[in-house]
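S.K.: This is a predicted model, with the sequence first.
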Amino acid sequence: MERDYWVTNRKVFLREMAGGGAIHQLLRRKLQPQPQASALLSSVFSKRGHDGSSSAYTNYFRSFALVGAGVSGFLSFGTVASADEAEHGLECPNYPWPHKGILSSYDHASIRRGHQVYQQVCASCHSMSLISYRDLVGVAYTEEEVKAMAAEIEVEDGPNDEGEMFTRPGKLSDRFPQPYANESAARFANGGAYPPDLSLITKARHNGQNYVFALLTGYRDPPAGVAIRDGLHYNPYFPGGAIAMPKMLIDGAVEYEDGTPATEAQMGKDVVTFLSWAAEPEMEERKLMGFKWIFVLSLALLQAAYYRRLRWSVLKSRKLVLDVVN
Amino acid sequence: MADEEPVDPKKYLEELCKPKCVKPLLEYKTSQENEVAFVFLWVQACVKRIEGDESGHKHCTGQYFDYWHCIDKCVATKLFEKLK
């Protein structure tokens, strides 16, 4: 009988889950059968007897299974914590980026230097396929400079009038060149690991800007007891600790046009500023718009609040007189 | 290239910050120095503890992380002043 089924099984389920004497006493009283069972209950008790009722034996086995599941879950929870640290990576510190403030703009000189670092150090493996040369105009370079930069690369175009594809020098409208033809080629050239596209990397990672800076400048010797296999490198900030990319930012690797000393930290800062701009080119406009509209809406809020109170004052200043006549 | 080798400010600051994360409990100070006063000593103790281990399962990642987290916090406040 259906009523008995739910009452019986709910009692067993609750008894095992609670496991306490007080709950046991509660259950001794007659329970109201709940017609709408939870999904958990229905999934656990999906097995029924052939006539729809449950015997004592099936009840016993079900409760046993529940206890077993609970115990094994509890035990596995204990061992998870020890693997957690390396799994999530070392928490990266928060650096005081010059563009972090509510009205702060990018350091455009830093974007320019960062693009130089990207071109000379990173572009051999990492694509930035969402950025075009024209995006750099007015941000880090003049139009002539960007045109000259674009003209250095060869781009496949076509078909021409004869139906053939041809190569031509790059133009402003072309995207940044890709180092590999496709993902498989990239993996093959990098020991199975795919160097991710960097167009949105600071938005695609938690606490992206700080994470990328910490990662690039954080290559260290592994702790005692940790061995990294050949082909991988230890980086505490990388989840799991073993990253395929070797340390790329070495002091003096790049000669900055403006003469800034190219230390590892300087290159890291500049390249992360460049990547932040690449992921959020609209940031400066967004902050300006945000400031303007929050100001306007605050004024509007004051006006609206005044007007509401004005209109409601009629009702709010009503007086009710209780006139009791004996 | 400049004549002198540029000294990476991050490495330089990390060296400066290392003593802060070694301070023994005796010198009781407030805030972050106190909080991780003897982290480096923990790291050393852990290394010694697992020196003889052959199973390959023991490691000092936890202590290592605590130590470097302490240094990172110390470096992060000062690093960008040294960069252009």
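M.R.: Received, thanks. Predicted model only: the values in this text are computed from it and were never measured.

S.K.: what's the neighbour count on the residue in chain A positioned nearest to chain B?
M.R.: Chain A approaches chain B most closely through residue A:225 (3.1 Å), counting by Cβ to the nearest Cβ. No exception for glycine: its C-beta is placed from N, CA and C like everyone else's. Using other Cβ atoms under 10 Å in any protein chain shown, residue A:225 has 19 neighbouring residues.

S.K.: Does it touch residue B:59 like I think?
M.R.: Yes: using Cβ atoms under 8 Å, residue A:225 is in contact with residue B:59, at 3.1 Å.

S.K.: and chain B, which residues reach chain A?
M.R.: By Cβ under 8 Å from any Cβ of the partner chain, the residues of chain B that approach chain A are B:1-2, B:5-11, B:43, B:46-47, B:50-51, B:53, B:56, B:58-65, B:68-69, B:72-73, B:75-77, B:79-80, B:82-84.

S.K.: Please produce a ChimeraX select command covering the buried subset of those residues.
M.R.: In ChimeraX syntax, the buried subset of the residues of chain B next to chain A is picked out as below (16 or more other Cβ atoms under 10 Å in any protein chain shown):
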select /B:8,9,10,43,46,50,59,60,61,62,63,64,65,68,69,72,73,75,76,79,83,84
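
S.K.: about what we covered before: quick check: neighbours shared by residue A:225 and residue B:59?
M.R.: Common neighbours of residue A:225 and residue B:59, counting by Cβ atoms under 8 Å, 6 or more residues apart in numbering or on different chains, are residue B:50.

S.K.: Straight-line length of stretch A:114-126, end to end?
M.R.: End-to-end distance of stretch A:114-126 (Cα to Cα, to the nearest Å): 14 Å.

S.K.: Just the mean pLDDT for it, thanks.
M.R.: The average pLDDT within stretch A:114-126 is 97.

S.K.: What residues sit buried inside it?
M.R.: For stretch A:114-126, by 16+ other Cβ under 10 Å, it's A:114, A:115, A:116, A:117, A:118, A:121, A:122, A:123, A:125, A:126.

S.K.: Those residues in strands, which ones?
M.R.: With DSSP state E as the criterion, strands contain none of the buried residues of stretch A:114-126.

S.K.: got the residues you listed as JSON lines, with distance to residue A:161 columns?
M.R.: Below are the buried residues of stretch A:114-126 laid out as JSON lines (distance: Cβ to Cβ, whole Å):
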{"residue": "A:114", "distance to residue A:161": "41"}
{"residue": "A:115", "distance to residue A:161": "36"}
{"residue": "A:116", "distance to residue A:161": "39"}
{"residue": "A:117", "distance to residue A:161": "41"}
{"residue": "A:118", "distance to residue A:161": "37"}
{"residue": "A:121", "distance to residue A:161": "41"}
{"residue": "A:122", "distance to residue A:161": "38"}
{"residue": "A:123", "distance to residue A:161": "33"}
{"residue": "A:125", "distance to residue A:161": "37"}
{"residue": "A:126", "distance to residue A:161": "36"}
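
S.K.: quick check, nearest of those residues to residue A:207?
M.R.: The closest of these to residue A:207 turns out to be residue A:114 (Cβ to Cβ; 18.6 Å).
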